[in-house]
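1. here you go, sequence then predicted model.
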Amino acid sequence: MALRYAIMTALLEDELSGYDLARSFDISLGFFWQASHQQIYRELRNLSDRTWVSHRAEQQKGRPERHLYSLTPKGRAALDEWVLENDRMRLQETKDEFYIKLYNLSPDSIDYLADRLAARRSAMMERLYLYERIRRRHYDNPSKLPLRRKGVYLALLGGIMQGKQYLAWCDEALAMLASAAEELPGSSSDADTA
């Protein structure tokens, strides 16, 4: 997915500044699509050049003017067209070097990898806590949501379910690494049997 469509999606309901868009990526769309602030500002210029978004300057007291962006009818048509295009089927495809490191598990790396895995588990717990807070605050009755908000809810639900599955994998992996560490020569369990 091109970043432009994520930005235009964020602009569907509100006029936003570049800063607001960057925050949206940090706390909402960023769960599914990563972008730096520089990438967002660069893409806003491209979208503006295509006339898919418009922008206006807003004066602020004692601060530089703020540029607010909104989706144009031409941009909305491009977004609608994109939604109906075939997407690339990526079933949980990931580029995560941690999995490659697991391929290289050794007695020297087992403790380090277990620590990194525990940190990832903790980070996922924090993310799931945030997802659940969002779900309870905004989506407590999904059947009564307007159609577009149902789509947002379904994306959030997918993130919650994937997060729970990731936690289950972390727990199983941590248990396996702990067991493997105990079986290493020189471990405390090895000393108990000597």
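-> Looks like it came in fine.
2. for residue 86, helix, strand, or coil?
-> coil (DSSP: H, G, I helix; E, B strand; the rest coil).
3. and the pLDDT at it?
-> At residue 86, the pLDDT value in this model is 71.
4. what packs against the helix ranked longest in the chain?
-> Of all the elements of type helix in the chain, the one with the most residues (DSSP state H) is helix 147-183. Here helix 147-183 touches helix 110-138, helix 188-193, going by 3 or more C-beta pairs under 8 Å, 6 or more residues apart in numbering; DSSP states H and E. To be clear about C-beta, it is placed using only N, CA and C from the backbone, and glycine gets the same treatment.
5. show me where pLDDT drops low in this protein?
-> 1, 26-27, 29-33, 87-94, 188-194 (pLDDT under 70).
6. domain assignment for it?
-> Under the assignment automatic domain parsing, the domains of the chain span 3-83, 97-184.
7. winner for burial among those?
-> The highest mean neighbour count among those, using mean count of other C-beta atoms under 10 Å, belongs to domain 3-83: a mean of 15.
8. bridging residues for residue 60?
-> residue 63 (DSSP bridges).
9. what sits against the closest residue in space to residue 51 that isn't next to it in sequence?
-> Spatial nearest neighbour of residue 51, chain neighbours left out: residue 74 (5.5 Å); criterion: C-beta to C-beta, 6 or more residues apart in numbering. By C-beta atoms under 8 Å, 6 or more residues apart in numbering, residue 74 lies in contact with 50-52.
10. and residue 74, that one's in a helix?
-> Yes: with three-state DSSP as the criterion, residue 74 is assigned to a helix.
11. could you look up the SS state of residue 70?
-> Judged by three-state DSSP, the three-state class of residue 70 is strand.
12. could you do residue 186 as well?
-> Put simply, residue 186 is coil when judged by three-state DSSP.
13. any idea how many residues pack against it?
-> Counted with other C-beta atoms under 10 Å, the neighbours of residue 186 add up to 7.
14. okay, residue 79 and residue 131: tell me how far apart.
-> 25 Å (C-beta to C-beta, to the nearest Å).
15. my bad, should have said residue 184
-> As judged by C-beta to C-beta, residue 184 and residue 131 stand 37 Å apart.
16. and stretch 40-56, end to end?
-> Start and end residues of stretch 40-56 are separated by 17 Å (C-alpha to C-alpha, to the nearest Å).
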